[in-house]
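Peer 1: following is a predicted model, sequence given first.
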Amino acid sequence: MLTDEQIGKFRRDGVLTVPNAVTSNQLAALRADMDRWVDESRSHDGPYGETTDGRPRFDVQPGHSEDRPALRRVSAPTEVSVAHREVMADSAMVDMVADLIGPDVRLHHTKVNTKLPGATTEVQWHQDFPFTPHSNADLVTALLMVDEVTAENGPLEVVPGSHKGPIHSLWHDGVFTGAIHPDAAAAMRDAAVPCMGPAGSVCLMHTRLAHASAPNRSNRSRTLFICVYGAGDAVPCGPNPVPTTHQGLFVRGSDPGRVRTGDFEMHLPEPPMGASFFTQQEASGVDPRRG
């Protein structure tokens, strides 16, 4: 699915955006599910539903209401959606991931992150790997753009090449903040580039790449279906922050029956107690603009 040039760009930058990662029918089915979930959220005044560990499946932003819904996260959507399960396992997106970390590719978790018009949620700078430590870092976060992603609706911002740098701690002064220290984040903001594209594109991101995103300042939604995949010989070193019955499913190849380790060390994460990691960042009291 990917050219040698695209694979080389991913190796160099830790990120690659590719159009047409799903079919038009798959995209329409994902959108239909999202519309249904947003409408359903209007009848709830807080996080609701239940995942395998008892936490809410559907997370809403503070200020959510029937008139102004602010759904922001659906955890493990593949468990409640045929369309999301199909895209996770059988789409061009998965073949692209296999080109990067294959031939054996296993699923770690899935989620939907959405920013409805006017959403104020701001994602602070972080790397995914400290949330989902594995024996090696051959993990790819595939962020499928269910909506067109523009400069105004809160695109993912990344620092190209940062996946080759240090693994930043998400602990500060004994508190798990879920974010990189503001002093380091200040430099990242200066080097950041946005990941944008038409609906149906996918942003393929290395698990160690530093990234963040701003609020949605437009009147258009920004929805991402996010699937985290690992190489077959990358074994989890802690509990899944977004547990799912589909964890460990081989979407390409098969279990190689071996473990490969990387040369790194880092602090283990604090398991989320709320509906999503958004609540961990909000509870930390860290100002993402400081620095």
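Peer 2: It's in.
Peer 1: in stretch 20-30, which residues are buried?
Peer 2: The neighbour-count check on stretch 20-30 (16 or more other CB atoms under 10 Å) flags 21-22, 26-27, 29-30 as buried. Where you see a C-beta, it was placed from the backbone N, CA and C, and this is true even at glycine.
Peer 1: out of those residues, which are inside strands?
Peer 2: Among the buried residues of stretch 20-30, no member is found in strands (DSSP state E).
Peer 1: between these, which is closest to residue 267?
Peer 2: residue 21 (33.4 Å; CB to CB).
Peer 1: gap between residue 127 and residue 212?
Peer 2: 10 Å (CB to CB, to the nearest Å).
Peer 1: so which of the two has more stuff around it?
Peer 2: residue 127 (25 against 20; other CB atoms under 10 Å).
Peer 1: wait, is residue 190 part of a helix?
Peer 2: Yes: according to DSSP: H, G, I helix; E, B strand; the rest coil, residue 190 belongs to a helix.
Peer 1: thinking again about what came up before, widest-spaced pair of the buried residues of stretch 20-30?
Peer 2: For the buried residues of stretch 20-30, and using CB to CB, no pair is farther apart than 21 and 29, which are 14.2 Å apart.
Peer 1: which SS class is the closest residue to residue 65 other than its chain neighbours?
Peer 2: Leaving aside its chain neighbours, residue 65 sits nearest to residue 45 (7.5 Å; criterion: CB to CB, 6 or more residues apart in numbering). Residue 45 falls in the coil class when you classify it by three-state DSSP.
Peer 1: can you start the count at 35 instead of 1 from here on
Peer 2: Okay, residue one is now 35; in that scheme the one you just asked about reads as residue 79.
Peer 1: what are the ranges of the strands in the stretch 85-234 of the chain?
Peer 2: Applying DSSP state E, counting those that start in this stretch to the stretch 85-234 of the chain gives strands spanning 92-94, 105-109, 139-149, 157-160, 173-179, 190-192, 205-206, 209-210, 227-229.
Peer 1: what is the burial count for the nearest residue to residue 65 once chain neighbours are set aside?
Peer 2: Leaving aside its sequence neighbours, residue 65 sits nearest to residue 180 (CB to CB, 6+ apart; 6.1 Å). Neighbour count for residue 180, taken as other CB under 10 Å: 23.
Peer 1: before we move on, what about residue 96?
Peer 2: Applying other CB under 10 Å, I find that residue 96 has 12 neighbouring residues.
Peer 1: contact partners for it?
Peer 2: residue 104 (CB atoms under 8 Å, 6 or more residues apart in numbering).
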